[in-house]
Structure formats: structure tokens, C-alpha cells
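S.K.: From the sequence below, what's the structure:
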Amino acid sequence: MFTRITTYVQQAWAEIKKVSWPTKKETKTYTYLVIGISLAVAFYLGALDYVFNYLLEWVLSR
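M.R.: Numbering: from 1, shown residues only. Purely as a prediction, here's the structure:
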């Protein structure tokens, strides 16, 4: 049982060593990109919500 666990950990560590990790600059760039896209989507969905809410109130008030 312990040999299987040891083998698994060794193989997992070997795979982690093969990973091509992003540089600090790439990480910052991608982080800002994700935040920017998230804000843009939030603004877009908020605008749609506002418009649909306005239209629904207009239809129901008639």
C-alpha cells in the first residue's frame, strides 16, 4: 500500500517538474486581462439588466 502511495507521489512530482510555468510578467498580464474582461462582462450584464427591467416596468404599467 505504501509503495503505491510513494510511486504516485514520485510520478506526480515528476509531472510537476515538466510543467512550463508562466513568468511573473505573464502572470500579471493575464491577471489584468481576466479582471478587465470580468469588469466588461459585469458592465454589459448590468446594462442588459437595467434595460430589461425598464422594459418590463413599462409593459406592466400599461
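S.K.: Please count neighbours and contacts with C-alpha atoms only from this point.
M.R.: Will do.
S.K.: quick one: V9 from S38, how far?
M.R.: 36 Å (CA to CA, to the nearest Å).
S.K.: no, scratch that, I was asking about V59
M.R.: Taking CA to CA as the measure, V59 falls 31 Å from S38.
S.K.: out of these two, which sits in the more crowded spot?
M.R.: S38 (12 against 9; other CA atoms under 10 Å).
S.K.: And for T31, the neighbour number?
M.R.: Neighbours around T31, by other CA under 10 Å: 11.
S.K.: wait, I16
M.R.: 11.
S.K.: tell me which element the residue positioned nearest the centre of the chain is part of?
M.R.: Centroid-nearest residue in the chain, with CA atoms, centre = their mean: V34, separated by 6.8 Å. Element membership for V34, per DSSP states H and E: helix 24-60.
S.K.: If you count contacts, what does that helix end up packed against?
M.R.: Using 3 or more CA pairs under 8 Å, 6 or more residues apart in numbering; DSSP states H and E as the contact test, no helix or strand touches helix 24-60.
S.K.: what about the residue nearest to the centre of the chain, distance to T23?
M.R.: As for V34, its distance to T23 is 16 Å (criterion: CA to CA).
S.K.: Run a quick neighbour tally on E57.
M.R.: Neighbour tally, E57, other CA under 10 Å: 11.
S.K.: same question, A47
M.R.: A47: 12 surrounding residues under other CA under 10 Å.
S.K.: With Y54 instead?
M.R.: When neighbours are defined as other CA under 10 Å, Y54 has 11 of them.
S.K.: shift numbering so it begins at 19
M.R.: Okay, residue one is now 19; in that scheme the one you just asked about reads as Y72.
S.K.: Restricting to C-alpha, output stretch 69-80 in CSV.
M.R.: Provided in CSV are the C-alpha atoms of stretch 69-80 (Å, rounded to 0.1, in the frame of the first residue of the first chain):
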residue,chain,number,x,y,z
VAL,A,69,-32.8,47.8,-20.0
PHE,A,70,-34.9,44.7,-19.4
ASN,A,71,-36.0,45.9,-16.0
TYR,A,72,-37.0,49.2,-17.6
LEU,A,73,-38.9,47.5,-20.4
LEU,A,74,-40.7,45.1,-18.0
GLU,A,75,-41.8,48.0,-15.8
TRP,A,76,-43.0,49.9,-18.9
VAL,A,77,-45.0,46.8,-20.2
LEU,A,78,-46.5,46.1,-16.7
SER,A,79,-47.5,49.7,-16.2
ARG,A,80,-49.6,49.9,-19.3
